[in-house]
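> pasting the structure only:
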């Protein structure tokens, strides 16, 4: 499904970023980094009044020729960015939402680990395999 | 398609009003103001989350042409709700005009299939009053509902008195507004759904031939729906069937067409506010033009080759002819593309225009990251065009952004581009720095790392022939300092000592690098009176392992708070230096300076110029080191010269002319060099030295800068009463200043009468010689003087300046020893304090006329002793006085803190002397040690016993009342006291109380009956003065009445006897007022003016307090207690049985 999954800290440095091995990793890094512009925009557009609304999903951040970039922001301003192949028309908003929810749950588990220092790179195997499962479903 | 919803607050939905226009005009201001005041929840289709929106509406007057024709796709100009306004309240009027009008209106709406409408009946009280024949208002509303609102009665609403200010008006308004909002929103949702459906249908048709994307875009942009997604999707579907480049041309044209249309139909302000939606098209177009340029060889120095030219011609041909509507305009996307592909220069112009526009737009809406990315493309373009100077700024900008946000891969990639750029620009220093960063970057392939490392090394080797020019680079990208360790580990060395510094450096380079020199710059400071440099500090402070760790560089995460070190908290106890009690306790943070440090600003992330090379006089060097990849251990050795504190400042590794510099070592690292004066210390091994037995004393010679040669000796001038015991073999141990044992040698001690000489073993500077000697403090010499103390209450006599402290402290003796040391012309005087382990007291005991002397020896020390040969002698002994020992002959053990008693009976044959001088001596030795090498002197104690002969015997007796068998509580008993003189006139009787009558001498005594335990009540006089004949067996009897207060065996009350002396002087004791009045029969003494030797009337132990003033100036008689040896109380300890009285209700029994 996803070709790249990234978790980005509140301060905008990557906590976790993984893309499918067949593609150039660097391209996705640039893509995810650039998407933060739109993430920032969407977060500030949401404004204070809407923060308490439970909508964490930011929707489609921007499309490129080959990919669609989706965003999601947690209450602690940690961002999830997911890149999917735009040829994959089976992926509608609802699927993306549920993928983000899964990602969020897994991220919450990582944060609950007392041995994890918030702000460190995510090295959890459980998280990694969850991401793998999200990326494998494509094929 | 959320665009409409987002805009809902700003864009107005359109409502159309029909009917009474004057009425509407009057209501409009309130309506337009009130409508958007409250938000409505907008429930959207396709499972999109509901939203709260504020509705605003444009109201326009009804015209038939406003109604949408088939195919009108404009969403915002679409009339959402039709409202008919009427004020009619008259049935006639309604029937005549309003009904017709309404019918017409309804028919027009039906014809255009507009189903969203509302009829408002405005009610006005004022109007009602004017007309008399009005119907109830409900009827008009009912009629309308009946006529038009078939089953939808809510289509007709009433608005009462809209212009008044009453609660009814408010209520009516609220109901109306709610209805209006609901209707508007329902209509909007319905129409939007329909619009979206149309859009989808249109989109599905897009692959059909003849489908016009421009029509589609018009629809879309009219609805403010971003078209980028579609363009991408469309481009994807077309990809397979067209030649390379054609698709790019098509996308490029499409983007520009759309942009142009938007520009055409919106004003400037609208465009500016929608940049976020158009900028995507701009950068997409830029991207496409770029790839066209690369494809067609337009981005190269040489320009397109023939193959490229063919491709260009094909592409231009594929575009076909320009569409007629734009053919005549000066500027069109078609013309732009054609021109751009026509020449290198034109391409450059258009590409730069587009890029700059995109960058500017991104920047203007805060999309800096996107702007950087376009900038990087531009940099790539410039690099292709061989204009690295133009590319640099874009690369640096992007790199700064990535560094600030910590994106490792983009950092590495951009650095690689920058390295190439810097190489082309010939920025040697920057290029080498970037190269070193890349060589140490683990995201770069091994091959590339080696390449960049080689770049540095080959530069270094090339430049060796031109000395002077140094390239200074930060060390951290070359190697990292991990830890540092001093030997000795406490980093304190004496002058001339050798210090070594071990450091661990982690080379970041992929290959071994030969470094000509690694140098540590050291800052030297002389800190006078610095405690750190004293020898005490040296011996007391030892670090656990002496390893200093340096924090590793945490470059990729500048924003992470994890850069801060962890809190280092320690418990802290501060104790009083005198008694070691706790003064303060708390928790201290040892790295506050690091936590509160100012955060380094991000500008210093990639500094090269900030590194300054210090040139100091003190440098630790290590030459020709090969740093293998990973950890390397490097050792610096130095010989300490000047005393002071040395701070390690900079670390610098030299590779040819390249200097890798660590500008500050943090945490700070110091070592100290000290110099020390030679010193001798003498201290007891135990807590205190005991007098009389051999004690060990430790000598410590701290050589300091003095070297002890063979033949150097310590000359001790012997103290009078302290011996230094010389054993056959004494050993000395030599330690280094760091307490490492150097050698163990024998020590020669020679003693003569005056001087003891200790030959010191040869020892190097900054060492310590330690040895022990035994000393013996001789017991004090016996008392020789004839001093006398009074009344047998002697105090121990001490020679020298011994001090007897109160309580259980031992008496001490100081001995001063003067020592001549070889390093000084002055003598060192050392005082040793010895404590006397024993305290001795004595007492005189009587049994009638028999006398005993008891000596108590108390061991105050911690040691157990063996006492032997206890002996008591009278030095001026005469044969008629004998001391008969009543003690065990065998040696006695005296434990620590315990006492041993010795008793002698005193016997005499002739009249005993008034005083007796005694000398007690006892041998002692520590119980733990067997045989001592030298005989020890016995412990002696001298004292004097006086007035020990018994003169009076006092006897008291209590008799029950006559006839009774026992004493009873509460009944009077008689107390008989008899005082008997035991001897004739003696020397001691000769004092002022003695009077001579015709036949014999007599003396005056005062008796006193005192019962301190309050068992007895003495009735009548309790004291009296008697005249006692100084004749053996003379007896005086006194009778008194006493009453027992308790039942049981009661001790007898005390009978005290005093010598009653006539008044004499200020020294005299006064009777207190009571006794004086009681004894008023006493006459004033006749011998008032008689001068007496003051020494003979000392009144120690008198029960009455001395008073220096004499009341009323009257001469008063004095009392003097008889010495305990002179009075024997034969009834001491006797008890008498008292039985309780029969009628007592409360029985108190006292058992004593």
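The structure has been received and is ready for your questions. Fair warning: this is a prediction, and the values are worked out from it, not measured in the lab.
> roughly how far apart are the residue nearest to residue B:817 when sequence neighbours are not counted and chain A?
Counting by Cβ to Cβ, 6 or more residues apart in numbering or on different chains, residue B:830 is the residue found nearest to residue B:817 once chain neighbours are left out, at 5.1 Å. Glycine gets a C-beta too; all of them are placed from N, C-alpha and C. Going from residue B:830 to chain A by Cβ to the nearest Cβ, to the nearest Å gives 61 Å.
> on the three-state scheme, residue B:830 is what?
The three-state label given to residue B:830 by DSSP: H, G, I helix; E, B strand; the rest coil is strand.
> in its sheet, what does the lowest-mean-pLDDT helix or strand in chain A sit against?
None of the helices or strands of chain A scores lower by mean pLDDT, DSSP states H and E than strand A:57-63, at a mean of 86. Sheet pairing for strand A:57-63, assigned by DSSP bridges, gives strand A:67-73 (antiparallel).
> enumerate every residue touching residue B:875.
Neighbour list for residue B:875: B:917, B:919 [criterion: Cβ atoms under 8 Å, 6 or more residues apart in numbering or on different chains].
> quick check: phi and psi on it?
Per-residue torsions, residue B:875: phi -60, psi -40 (degrees, to the nearest 10).
> up against chain B, what does chain A have?
Residues of chain A found near chain B (Cβ under 8 Å from any Cβ of the partner chain) are A:9, A:11-14, A:25-26, A:29-30, A:33-34, A:36-38, A:40-41, A:55, A:59-60, A:62-66, A:86-87, A:93-94, A:117, A:119-120.
> among those residues, which are in strands?
Residues of the residues of chain A next to chain B located in strands (DSSP state E): A:14, A:59, A:60, A:62, A:63.
> what's near enough to touch the residue nearest to residue B:817?
Neighbouring residues of residue B:830 by Cβ under 8 Å, 6+ apart: B:680, B:682, B:816, B:817, B:818, B:819.
> out of those, what pair is the most spread apart?
Spatially, the most separated pair among the contacts of residue B:830 is B:680 and B:816, at 14.6 Å (Cβ to Cβ).
> who has more neighbours, those two?
Using other Cβ atoms under 10 Å in any protein chain shown as the criterion, residue B:680 and residue B:816 rank with residue B:680 on top: 16 against 12.
> confirm that the more buried one sits in a strand.
Yes. Residue B:680: assigned to a strand according to three-state DSSP.
> run through chain A and note the low-pLDDT ranges.
Scanning chain A for pLDDT under 70 picks out A:47-54, A:137-139.
> helices and strands around the lengthiest helix in it, which ones?
When chain A is parsed with DSSP state H, its longest helix is helix A:25-46. Applying 3 or more Cβ pairs under 8 Å, 6 or more residues apart in numbering or on different chains; DSSP states H and E, we find helix A:25-46 packed against strand A:2-8, strand A:14-19, strand A:57-63, strand A:67-73, strand A:79-85, helix B:368-384, helix B:408-425.
> out of these, which comes closest to residue B:294?
Residue B:294 lies closest, by Cβ to Cβ, to one member of the helices and strands packed on helix A:25-46: helix B:368-384, at 8.2 Å.
> okay, angle between that closest one and helix A:25-46 too, please.
Following axes from the mean of the first three to the mean of the last three Cα atoms, to 10 degrees, one obtains 140 degrees for the angle between helix B:368-384 and helix A:25-46.
> how about the next helix-or-strand element following helix B:368-384 and chain A, any contact?
Going down the chain from helix B:368-384, the next helix or strand is helix B:388-405, by DSSP states H and E. Yes. Using Cβ under 8 Å from any Cβ, helix B:388-405 comes into contact with chain A via B:402, B:405.
> distance between the least confident helix or strand of chain A and the chain's centre?
Put simply, strand A:57-63 sits 10 Å off its chain's centre (Cα atoms, centre = their mean, to the nearest Å).
> can you list contacts of it?
Contacts to strand A:57-63, defined as Cβ under 8 Å, 6+ apart, come from residues A:35, A:38-39, A:42-43, A:68-73, A:81, A:86, A:93, A:96-97, A:100, B:2, B:228-229, B:232, B:280.
> can you turn the buried part of those into a PyMOL selection?
In PyMOL, selecting the buried portion of the contacts of strand A:57-63, with burial taken from 16 or more other Cβ atoms under 10 Å in any protein chain shown, looks like this:
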select buried, (chain A and resi 35+38+39+43+68+69+70+71+72+73+81+86+96+97+100) or (chain B and resi 228+232+280)
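> so which of the helices and strands packed on helix A:25-46 comes closest to residue B:876?
Nearest to residue B:876, of all these, is strand A:14-19, at 105.3 Å by Cβ to Cβ.
> same for that closest one, what does it pack against?
Checking 3+ Cβ pairs under 8 Å, 6+ apart, strand A:14-19 ends up next to strand A:2-8, helix A:25-46, helix A:125-136.
> in a markdown table: those, plus distance to residue B:470.
Converted to a markdown table, the helices and strands packed on strand A:14-19 look like this (distance: least, Cβ to Cβ, whole Å):
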| stretch | distance to residue B:470 |
| --- | --- |
| strand A:2-8 | 42 |
| helix A:25-46 | 36 |
| helix A:125-136 | 47 |
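> quick one, which of those is packed in tightest?
Across the helices and strands packed on strand A:14-19, averaging neighbours per residue (mean count of other Cβ atoms under 10 Å in any protein chain shown) puts strand A:2-8 on top, at a mean of 25.
> partners of it in the sheet?
Here strand A:2-8 has these sheet partners by DSSP bridges: strand A:14-19 (antiparallel), strand A:79-85 (antiparallel).
> picking that back up, how close does the residue nearest to residue B:817 get to residue B:686?
17 Å (Cβ to Cβ, to the nearest Å).
> does any bit of the helix or strand hosting residue B:429 sit next to chain A?
Using DSSP H and E, residue B:429 sits in helix B:428-439. No. Helix B:428-439 stays clear of chain A (Cβ under 8 Å from any Cβ), getting no nearer than 14.7 Å.
> and the contacts of that helix?
B:412, B:415-416, B:418-419, B:422-423, B:444, B:448-450, B:452-453, B:455-456, B:459, B:471-474, B:477-478, B:508-510, B:606, B:608, B:658, B:660.
> in PyMOL, how would I select the buried members of these?
Those of the contacts of helix B:428-439 that count as buried under 16+ other Cβ under 10 Å are selected in PyMOL with:
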select buried, chain B and resi 412+415+416+418+419+422+423+444+448+449+452+453+455+456+459+471+472+473+474+477+478+508+509+510+606+658+660
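> sort out for me which of the contacts of helix B:428-439 are in strands.
B:471, B:472, B:473, B:474, B:658, B:660.
> now render those residues as JSON lines, adding pLDDT and distance to chain A.
As requested, those are exported to JSON lines (pLDDT from 0 to 100; distance: Cβ to the nearest Cβ, whole Å):
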{"residue": "B:471", "pLDDT": "85", "distance to chain A": "30"}
{"residue": "B:472", "pLDDT": "87", "distance to chain A": "29"}
{"residue": "B:473", "pLDDT": "88", "distance to chain A": "26"}
{"residue": "B:474", "pLDDT": "87", "distance to chain A": "22"}
{"residue": "B:658", "pLDDT": "89", "distance to chain A": "30"}
{"residue": "B:660", "pLDDT": "91", "distance to chain A": "27"}
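> from the ones in strands among the residues of chain A next to chain B, which is closest to chain B?
Distance to chain B, by Cβ to the nearest Cβ, is smallest for residue A:63 among these, at 4.8 Å.
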